[in-house]
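Engineer: Any chance you could fold what I've pasted below:
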Amino acid sequence: MRITDMILAVQRELGIDVDGKAGPQTWSAIYERVVNKKVDVQKPLVTIDAVDSRSEKVIATLLPEVQPIARALIQKSVEMGINIKIISGLRTYEEQDALYAQGRTTPGNIVTNARGGHSNHNFGIAFDVGVFEGNKYLPESTKYKVVGALGMDLGLEWGGNWKSIVDQPHFQLRPMWATDLTERQMLAELRLRRDNRQPIYV
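Structural biologist: Next up, the predicted model:
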C-alpha cells in the first residue's frame, strides 16, 4: 500500500482534514486515538512495507514509534525520484562522546556540539539519512533539502533548520509532551526518563 493512500485512509477514519500529508494534526489525532482507545488493527510498524536491508538494520535501533516514519520517509523520497538510506540511528552515550571528541581531541572535523546524553540519537528518536546515486553516497546534494521538506511533511523535525550546526541529513520525532519545550528542556526530560526506565512517548 502506498504511503499517501495509507495517510488518506487514516485521515478519513479519524475525521480530520484529508490531504494525504501526515503533519502535526494527523499525528496528534493518531496519538489521541491510540492512548484513549485500543485499536484492533495492525500496528504501522507492520503495515508499512520494509525498505532496503541496510536501512532496516538502523531502523531496528529506533523506538517503535519512529520506525514507520523512517520507512515512510524513504518511500516518499523514492516517489520523488530520490534514493536515500537510513545510515545512523541509536547511539550510546559513549558513542556520542567519541563523536563529540572528533575535531576537538581526536582527528577529523567537528560534526556535533552534543556530548553523550545531549543528542536525540541517544534516545532512539533520531536518525540520519544519506542520499545515494546508485551505490555512491553523496554527502552533499541539493536533494537533502527536498528530503527535508518530505520529512517535515511527515511530522519530523529536520536538522536543516538548525542554527548552530546545520545538519541536513538529520531527522527526529519530538514526543507530544515536548511540544512546548525547548530542545534543552526536552533533552533533560529524555535523560530523566531513560535513567528511570520510563517510556519516551507516553
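
Engineer: what's the spacing between the most centrally placed residue in the chain and Arg12?
Structural biologist: Per C-alpha atoms, centre = their mean, the C-alpha nearest to the average position across the chain is that of Gln172, at 3.8 Å. Look at Gln172 and Arg12: by C-beta to C-beta, to the nearest Å, they are 28 Å apart. C-beta coordinates here come from the backbone N, C-alpha and C atoms, glycine included.

Engineer: Also Lys21?
Structural biologist: Lys21 is 14 Å from Arg12, where distance means C-beta to C-beta.

Engineer: neighbour-wise, which of those two wins?
Structural biologist: Using other C-beta atoms under 10 Å as the criterion, Lys21 and Arg12 rank with Lys21 on top: 17 against 10.

Engineer: What helix or strand is that one located in?
Structural biologist: For Lys21, there is no enclosing helix or strand under DSSP states H and E.

Engineer: same check, this time on Arg191
Structural biologist: Short version: Arg191 belongs to helix 183-195, going by DSSP H and E.

Engineer: Confirm for me that Gly103 is in contact with Ile110.
Structural biologist: Yes. Assessed by C-beta atoms under 8 Å, Gly103 is found in contact with Ile110 at 3.5 Å.

Engineer: what secondary structure does Asp19 sit in?
Structural biologist: coil (DSSP: H, G, I helix; E, B strand; the rest coil).

Engineer: Under a three-state scheme, what state does the closest residue to it other than its chain neighbours occupy?
Structural biologist: Among residues not flanking Asp19 along the chain, Gln11 sits closest, at 7.2 Å (C-beta to C-beta, 6 or more residues apart in numbering). Put simply, Gln11 is helix when judged by three-state DSSP.

Engineer: ok, Gln11 - contacts?
Structural biologist: Neighbouring residues of Gln11 by C-beta atoms under 8 Å, 6 or more residues apart in numbering: Asp17, Val18, Asp19, Gly20, Thr26, Ala29.

Engineer: And for Val166?
Structural biologist: Gly159, Gly160.

Engineer: ok, how many other residues are close to Ile59?
Structural biologist: For Ile59, the neighbour count with other C-beta under 10 Å is 22.

Engineer: please renumber so the chain begins at 68
Structural biologist: In the new count, where the first residue is 68, that last one comes out as Ile126.

Engineer: What separation do you get for it and Arg171?
Structural biologist: Applying C-beta to C-beta to Ile126 and Arg171 gives a distance of 30 Å.

Engineer: correct me, but Leu81 touches Ile97?
Structural biologist: Yes. In terms of C-beta under 8 Å, Leu81 counts as a neighbour of Ile97; the distance is 7.0 Å.
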